Structures are given as C-alpha cells and as structure tokens.
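Participant: Below: sequence and its predicted model.
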Amino acid sequence: MVNPMIFLPLCEKIAVKNTKQKILDVTIYYSLLFLFSSIVLSLSKNHGFARFLAFLCESWFTFIWLLTINIHWTPAEYKIFPERLHEWVQDLPPVDIFVTTADSDLEPPIITFNTLLSLLAVDYAAHKLACYLSDDGCSPLTFYSLVEASKFAKLWVQFCKKYNVQVRAPFRYFLGEFMPSDHANSCNEEFQWQWQKMKNEYDQLSRKVDDAAQNLSHCDLTGELAIFSNADSRNHSTIVKVIWENKEDSSDHLPHLVYISREKRSQHNHHYKAGAMNVLTRVSALMTNAPFMLNVDCDMFTNNPQVVRETICLLLGSKRETVCGFVQGPQLFYDGPADQVVISNEYMVKGVAEIQGPPYEGTGCFHRRKVIYGLGPDEVTNLTSEKGKLADEHELVKEFGACQVAASYYEYGTNRGKKFISYPYPNLIHLFQPHGIVDSHGVYSEFSAFLGCAPSDGPAAMIQQKRWATGLLEILFSISNPIFSIGDLQSRRCLAYIWILIWGLRSIPELCYAILPAYCIIYNSNFLPYFCLNCVPVQVEEPGIYIPVALFVIYNLYTLSEYLRLGFRIRSWWINQSMERITTMNAWLFALASFIIKFLGLSETVFEVTQKDQSNSDNNDGTINPEEFTFDKSPVFIPGTTILLVQLAALATALLGLQPEAHRGQGSGLGEFMCSFYLVACFWPIVKGLFRKGKYGIPFSTMCKSAVLAFIFVHLGRSSSNMG
Ligand SMILES: O=c1ccn([C@@H]2O[C@H](COP(=O)(O)OP(=O)(O)O[C@H]3O[C@H](CO)[C@@H](O)[C@H](O)[C@H]3O)[C@@H](O)[C@H]2O)c(=O)[nH]1
Ligand SMILES: [Mn+2]
C-alpha cells in the first residue's frame, strides 16, 4: 500500500449540523426531569403506590432518553472516493465472502442462491473473491441448487457486467419493475434478446430447483448427492465441496465457490450462526486466506454492485485507517417500509460515526481477518510469529485439512468464544465488541447495501425481536459486556452499546407504566399530577399536569416532524409508534423471560430461524402492516391482549360509573383517561384481532388466558380498593 499522505484520501468524515434537534432533545430531557421531580415532591402528599411506581418508571425513561441523546448528539457522515482507489492499491485486496444458511425449509434455496448470485456478480476482480456457503441444514437440496445456480451464474455475471445491471439478484431483477422497457438499454435489440434469454434460463433454473424440492426427499441420492444420503442434519460429518474454482486466476471468470456443511454431533454444542462463522473463518483461512471477510445472511442480497469497492475505500482510506477494524452496512429489508431505512440511517448510522462506529450486527459486515483472530487492526500481520497470542490459530489451520477445521470437536478444550478470538459464544445475536478488537473502530456504511427478507407476519416479527432482545441481554450479563471495556472504548460508545443491550429490560417499566392508568381508573386513584374531570372538583388542579401534557405533545410533534421532514406520511409515523409499543410489551418481555429462564439454568435459549418467504409479486410484500397484523397461538401475544383488556375494563368501569369512592377525594383524572385511550389506540391491531377470525384474529385460547389475567387484575384492584 502507498503512503496515505501522498494521495488524496479515499474517504472523508463530515460532521452534520443538528442544532434544532439538540434543542428539542434537551427540552424533552428537562421535561422528563421536571416530571419525575414534581412526582417526587408530591410523593410526600401521600399519593401512595401508583405515584411511586410512576416515579420509578419515569426515572427509567429519563435514563433511556439520555442514552438516546448520546447517540443523536454528534452526527457525521462519510463521503467516499472510489475513483481514487487505483492510486492507493495497484492490486485490489482479496475478499472472502461468507453466506450462512441453516434450514432449507425455512430458508428456501432459491433465496440463498439469489444472494450468492448477487455477490458473485459484484463489480470487483473476480479472482480476488471467494464465496463460501455454510449449510447448517446439511441439505442435498441446497447443495443441488447451488451447483445448478453456479451454471447459471456464468451467464448471469456476464450479462450483469455487460449491461451494468443494478440489481443482481435475479428474482428481484425479473420482477415487473425491471422490465426491459424501463431499462436504459431498452432500445437495444441485442439487449432485449439477451434479457429474454436470461429470463428463460432463470425460470428454468427455478423450475429445476422446485422439482428437486418435490422429488429429492423421495428418491435415492446418487452421484454427487450420495454423500448426503445418510446425513442427519444434527449428526453428520463435514462436507466440503469446491463447486467452482477460478483456476485461471482470471478476473473474467466467476469467483471461487465453496460449499461447506460443518460436522455436527449431538454431544457437541454447535453454537448456531456464530459456530458457522468460526468454521467459515478457518476453512477460508486454509483455502484463500483473504485479509478481508464479508459475511451475509442467506437472505441478504446486495443491491449495489459496487459494494465491495466502496467498502474497501472505507477500510483502507480513513484518516484512522489503522484502527478501522470493520465496516458494517445497515440491515435493510426489501419490500420493508422505506421509513425504517431512512430513519435508521438518520439516527443510528450518522449518530455513531463520531463515537467509534457501530457494533457488529451479524450480517452485511466487512472485517479485517486479523481482527477476528484477536489482533488489533494495526498490528503486524505476521500471524505465525504471534504464537502466544493466537493460540497458534494460523499454524493449526495450515496443518489440518479443511474437514478437520470444520469438525465439531475442533474447538474443544480451547478458549474460543470465551477469549473472543473469534465470534463469541454463547450468542444468539452477534452484536459484539471482542476484547481482541477493543480499539478497532467500525464504520457504518450507507454504501454497503444488503437487503434482507423482512419477517412477513406478526408471529415471525415477534420471534425475531424476541431473539434479538434475548441475545442482547446475554451480552449485557456476560463478560463481553462493553462496560468492561471502558477505557479502551470511548465512554460514549459504551453508552451507545448499553442503549441497545437493554432492549429486553425496557419491557418491564413500559408494562408497568401501561398498567398504571388502568389501575388508577379502576382503583380511583392517580399517578399523574391531578387534573379534575368531574363537575364537582374536590380539589384544586395541580399545575404539574402541564408537564406531562407538554412532554407528550413535544415528543410526538418532534418525532412526527422528523418523519415529515424525511418525506414520510403521518400514517407511517403512527404505525411505527404502535409497533414499538407492541414489540416492547410482548416480544421484549418474552425475551427477558427466556433470558431469566436460561440464567436460572432451567433451559437453553435456541436460535429460532426466521421463515423467509420469497415475495415474487408486488402485492405480496414482506412488510408488517398492522392493519393486517397476524397472530398465532404463541403466548407472545398474551401480555398485549391482557393489557388491552385491562384498559377496556378500566374505561368501562369509569363510563358505567362503577369507580369506588376516591381516597381523600383524589380520584383518577383526565390524565389517566387520556393515557388509557392512547394505549388502546396504540394497541389497535390487537383490538382488531379480538374481532377477526383466522390468522388475522387472536386465537380463542390466547383470549381466554388474557381474559383470566385481566379479570384477576381488575378483581384485585377492586377488592383492594374495597378494603381501603
Ligand atoms: O444454526 C444456525 C442458525 C442460523 N444461521 C443463519 O443465521 C442467519 C440469520 O438467521 P435469521 O433467521 O435470518 O435471523 P434474522 O433475525 O433475520 O437475522 C438477524 O439477526 C441475527 C441475530 O439474531 C443476525 O445473526 C443476523 O445477521 C440478522 O440479520 C441466517 O443466514 C441463518 O441461516 C446459521 O447459519 N446457523
Ligand atoms: Mn434474516
């Protein structure tokens, strides 16, 4: 590499101005402080339990808001200059690409090979790339599909490069939106002919794979597939097959393509995706050993053919080149709501740029290999001389064959995962900051675009959110908690991590706060500063009421105005508000429960793979639309349904005049009613679920369980009030 001083930089970080946002952030923060201090003052006036609980919750919300401000505070963005790349490096650096799949039923091979096709076709010297597919499902269908797809890939890659196709995952390219008539080359007759030819080839490939999916399970596995004949996906030896080797070392051919199904034995924990990533790291070290690695989930095709070139700019060309350990692309979803993309970009991506970058998110991430080996990005690459530090990692991989390094016993008796020389275990999610790379700062890249398949229904979305939040809690209560890295990590970055890690914990205060208005109405007490609703005010209004009202108004107007500023509609803002409440009180609560169960040693947490649907038509989009929110029998919907029933019971109690006599004349006021109404509005998808049938309706069993819980709650409230 050349001296960065001589050439113009490959990328630049530019601060983004955000004065207005800062003012609003601080206003909200002070309103929160006022709110809970006004409650502290009123505590002495004997408002009792409800106000005390409200005080605890509000302190927690203030803390969360502080963490949020920390992320918002100093946004920055990157500009890259890929056109300068040739000045920096004569030869582009090699990159090993890892794709993971785990189950050919939940993750149809069509999706997996589309991801691979999009990666094989990126605009980068093909002989510098190697694609590795890890198949934890040990599925002959996945293998067969990959072999077939590699034949198609030869035509596809040529076609994409020749006509500069933008979306290089064929299943997306051949959707209606990319008809040849829309294409820049549309007048070109040869292009039209080629387009039709490619489409026919692709249809044929899809048909072949569909047929195989029907037949493979019934027929004997012969030829290349024989190796799968007795393989049980949970108990089998390693399979490593080089599907295509770029022997000529030529940029015109396809990159290397390798299939790996690592050994699985029932007595050895395979550590899900983290385990797969470690095997991929070792096998690739033996075969191609590229200094950079990209990992992508099977459902995350790239929609940017320049992705590798552009990311290399970020890895090589920042002023802090020596400390950039990885570049994380934001996780986006095709057919997903566009607002989520822009909002995440606006806050998370820009927000963390000034505070040592993002955490590793488990997909769409480029790493320096040595960072995974536990070396700092600026440490010398002479790995073999790093004996003590590396537990001889590199020596070992050289000595063993690829099959040995993919064996299930390979890591036994080592510190891997504990010592962070690899992807750490136990790990349901992969957000991490290994001690080995403490000072390796990452860069969030808007340029690395990988689009995944969003969970297409309510239950799948809840399972995914639950897994994420459980995994985050596992990190929070483990030695990989970034708090232990304070000193190496900037304190602001640690705070940003904490904001993410405590997702699961947020369910409890939010749940309590949601119960409070209903409790107060049923019990005829109050948790907000008093505002009299009845015609006969027993007591003077407390001026304090204006604080929560102002807070509510400012917060909502602020978030809404951000949506409008970024070009979204009020509706999309409201959908997000509503989904946030539903996710926190349902999925995150279950995440907390499953973490506690694991913590007590009662059961292990498992990685529940998300079902991927191939959305092939425009109307079947993967978006979670709360209007059409779907449910299943899973207990994850019980908390939400219970809270809703409790609110409805509370409102009914008030409207029917069944509230008990208020304690010292201080009953529930307008504040409590508004809160209860607001919650019902947020839970509108569940309200609709109560009256609908089939997958759009809440199952009868869930309703019964929730009704029992709600009844117990209401009854307890009433009887305690009667006693009072
Ligand atoms: O035993 C396993 C289980 C899963 N996977 C792979 O892990 C990836 C992610 O699984 P998925 O079910 O798609 O989870 P998502 O919730 O969609 O994934 C998000 O959340 C995960 C953490 O929970 C991250 O690892 C992913 O990168 C991130 O996209 C997929 O490629 C799977 O094939 C394996 O390789 N082996
Ligand atoms: Mn996924």
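Facilitator: Received the coordinates, thanks. These figures come from a predicted structure and were not determined experimentally. Numbers count the residues shown, from 1 in each chain. Ligands and ions are numbered 1, 2, ... in the order given.
Participant: Give the next helix or strand downstream of the strand or helix carrying F171.
Facilitator: Taking DSSP states H and E as the definition, F171 sits inside helix 170-173. Using DSSP H and E, the next helix or strand after helix 170-173 towards the C-terminus is helix 189-215.
Participant: Please name every helix or strand in contact with that next one.
Facilitator: Helices and strands touching helix 189-215, as assessed by 3 or more CB pairs under 8 Å, 6 or more residues apart in numbering; DSSP states H and E, comprise helix 109-120, helix 140-162, helix 170-173. For every residue, glycine as well, the C-beta is placed using N, CA and C.
Participant: contact partners of the longest one?
Facilitator: To tie it back to what came earlier, the one meant is helix 140-162. Here helix 140-162 makes contact (CB atoms under 8 Å, 6 or more residues apart in numbering) with 101, 104, 109-110, 112-113, 116-117, 120-121, 123, 126, 133, 135, 165, 168, 170, 194, 198, 201-202, 205, 208-209, 212-213, 216, 221, 224-225, 228, 239, 241, 243-244, 254, 257, 259, 261, 305.
Participant: That one: how far from the chain's middle?
Facilitator: In terms of CA atoms, centre = their mean, to the nearest Å, the centre of helix 140-162 is found 28 Å from the chain centre.
Participant: now do stretch 265-280
Facilitator: So, by CA atoms, centre = their mean, the centroid of stretch 265-280 is 21 Å from its chain's centroid.
Participant: Repeat that for stretch 32-51.
Facilitator: Counting by CA atoms, centre = their mean, stretch 32-51 is centred 37 Å from the centre of its parent chain.
Participant: And stretch 148-167, by the same measure?
Facilitator: Relative to its chain's centre, stretch 148-167 lies at 29 Å (CA atoms, centre = their mean).
Participant: Please renumber the chain so that the first residue is 57 from this point on.
Facilitator: Okay, using 57 as the starting number, the last item reads as stretch 204-223.
Participant: Can you list the buried residues in the helix or strand that contains Y611?
Facilitator: Under the criterion of DSSP H and E, Y611 resides in helix 602-621. Buried residues in helix 602-621, counted by 16 or more other CB atoms under 10 Å: I603, P604, V605, L607, Y611, E618, Y619.
Participant: Can you tell me which of those residues comes closest to ligand 2?
Facilitator: Y619 (25.6 Å; CB to the ion).
Participant: show me what contacts the closest one?
Facilitator: Counting by CB under 8 Å, 6+ apart, Y619 touches D395, I399, R625, I626, S628, W629.
Participant: From the contact counts, what lies against the helix holding F227?
Facilitator: Judged by 3+ CB pairs under 8 Å, 6+ apart, the packing partners of helix 226-229 are helix 165-176, helix 245-271.
Participant: Buried residues in the last one, which are they?
Facilitator: Along helix 245-271, these residues count as buried under the neighbour rule (16+ other CB under 10 Å): F247, Q250, W251, M254, E257, Y258, L261, S262, K264, V265, A268, A269.
Participant: tell me the SS of the closest residue to E143 other than its chain neighbours?
Facilitator: Distances taken as CB to CB, 6 or more residues apart in numbering place F63 nearest to E143, at 4.8 Å, with adjacent residues excluded. F63 falls in the coil class when you classify it by DSSP: H, G, I helix; E, B strand; the rest coil.
Participant: circling back: CSV for the contacts of Y619, including distance to S724, secondary structure and neighbour count?
Facilitator: Below are those laid out as CSV (distance: CB to CB, whole Å; DSSP: H, G, I helix; E, B strand; the rest coil; neighbours: other CB atoms under 10 Å):
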residue, distance to S724, secondary structure, neighbour count
D395, 36, helix, 18
I399, 35, helix, 19
R625, 35, coil, 11
I626, 30, helix, 10
S628, 33, helix, 17
W629, 29, helix, 19
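Participant: so which helix or strand takes in G745?
Facilitator: Secondary structure from DSSP H and E places G745 in helix 740-747.
Participant: quick one, phi/psi of the closest residue to K184 other than its chain neighbours?
Facilitator: Distances taken as CB to CB, 6+ apart put P150 closest to K184, at 4.5 Å, once the chain neighbours are dropped. In this entry, P150 is assigned phi and psi values of phi -70, psi 150 (degrees, to the nearest 10).
Participant: Now do the contacts for P150.
Facilitator: K184, L185, A186, T344, A346, P347, F348.
Participant: Report the separation between it and ligand 2.
Facilitator: 27 Å (CB to the ion, to the nearest Å).
Participant: Q520 against T666, yeah?
Facilitator: Yes. Between Q520 and T666 there is a contact under CB atoms under 8 Å: 5.2 Å.
Participant: Now for the two: what residues contact both?
Facilitator: Joint contacts of Q520 and T666 (CB under 8 Å, 6+ apart) are P511.
Participant: got a pLDDT number for L711?
Facilitator: pLDDT recorded at L711 is 90.
Participant: before we move on, the earlier item: tell me which of the helices and strands packed on helix 245-271 sits nearest to ligand 1.
Facilitator: Ligand 1 lies closest to helix 165-176 among the helices and strands packed on helix 245-271, at 8.3 Å (CB to the nearest ligand atom).
Participant: I'd like the C-alpha coordinates of that closest one written as CSV, please.
Facilitator: The C-alpha trace of helix 165-176 is given here as CSV (Å, rounded to 0.1, in the frame of the first residue of the first chain):
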residue,chain,number,x,y,z
PRO,A,165,-32.6,-22.4,-1.5
ILE,A,166,-33.9,-20.1,-4.2
ILE,A,167,-33.4,-17.2,-1.8
THR,A,168,-29.9,-18.5,-0.8
PHE,A,169,-28.6,-18.8,-4.3
ASN,A,170,-30.1,-15.4,-5.3
THR,A,171,-28.0,-13.9,-2.5
LEU,A,172,-24.9,-15.8,-3.8
LEU,A,173,-25.6,-14.7,-7.4
SER,A,174,-25.8,-11.1,-6.4
LEU,A,175,-22.4,-11.5,-4.7
LEU,A,176,-20.7,-13.4,-7.4
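Participant: Would you mind identifying the next helix or strand past it?
Facilitator: Moving toward the C-terminus from helix 165-176, the next helix or strand (DSSP H and E) is strand 185-191.
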